[in-house]
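Asks: Need coordinates for the below:
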Amino acid sequence: MNSVRLESPAFVEAYRTAPGAVVIDVRTPTEYHHGHMQDAINIPYGHASFLDDVRALDTSVPYFVYCFSGARSAHACALMKEAGISYIVDLAGGIGRAPELLDT
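Replies: Okay, here's the model as predicted:
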């Protein structure tokens with residue numbers, strides 16, 4: 001599977017049915033701490049360690065990525081793909097369009 005963008009309902013369904021899937025929130029730590037998807041890990045796009053953090057990820061695992069609007073996650077997904085990760089799903093429109101997914 002190549003990276004794809006899915007709207008909220010399809011994103012959630014794909015995540016629930018992908019064995020071993022990991023959710024990555026690429027927003028800032030402040031945004032993350034104000035609410036994030038359940039079990040999401042925070043790897044902030046734009047931080048100095050972002051590329052190192054991405055390169056340390058298991059390339060065989062499916063990743064589901066989001067930010068607030070979809071812009072940062074799109075860039076993050078491109079870098080993840082360059083790092084050899086092939087199963088990446090990006091939340092189209094970001095969490096700002098799907099606030100019901102936040103576990104506050």
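Asks: Give me the contact list for stretch 82-96.
Replies: With Cβ atoms under 8 Å, 6 or more residues apart in numbering as the test, stretch 82-96 has contacts from 1-8, 11, 14-15, 18, 25, 27, 37, 51, 54-55, 57, 59, 61-71, 73-74, 77, 80-81, 98, 101-102. All C-beta spots, glycine's among them, are computed from the backbone N, C-alpha and C.
Asks: Rounded mean pLDDT for it, please.
Replies: For stretch 82-96, mean pLDDT rounds to 96.
Asks: Could you turn the buried ones of the contacts of stretch 82-96 into a PyMOL selection?
Replies: What follows is the PyMOL syntax selecting those of the contacts of stretch 82-96 that are buried according to 16 or more other Cβ atoms under 10 Å:
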select buried, resi 3+5+6+8+11+14+15+18+25+27+37+54+57+62+63+64+65+66+67+68+70+73+74+77+80+98+101
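Asks: Next, work out how far apart Arg72 and Leu102 are.
Replies: Arg72 sits 16 Å away from Leu102 when distances are taken as Cβ to Cβ, to the nearest Å.
Asks: Skip the chain neighbours and tell me the closest residue to Arg97.
Replies: Spatial nearest neighbour of Arg97, chain neighbours left out: Ser8 (6.9 Å); criterion: Cβ to Cβ, 6 or more residues apart in numbering.
Asks: ok, that neighbour touching Ala98?
Replies: Yes. When contacts are counted by Cβ atoms under 8 Å, Ser8 is listed as touching Ala98 (3.8 Å).
Asks: The protein: helices as residue ranges?
Replies: 8-17, 29-33, 50-55, 71-82 (DSSP state H).
Asks: For the nearest residue to Leu79 once chain neighbours are set aside, give me its contacts.
Replies: Residue nearest to Leu79 in three dimensions, not counting chain neighbours: Val54, with 5.8 Å by Cβ to Cβ, 6+ apart. Val54 makes contact with 43, 76, 79-80, 83, 85, according to Cβ under 8 Å, 6+ apart.
Asks: Just the buried ones from these, in PyMOL syntax?
Replies: Paste this into PyMOL to select the buried members of those, with burial taken from 16+ other Cβ under 10 Å:
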select buried, resi 43+76+80+85
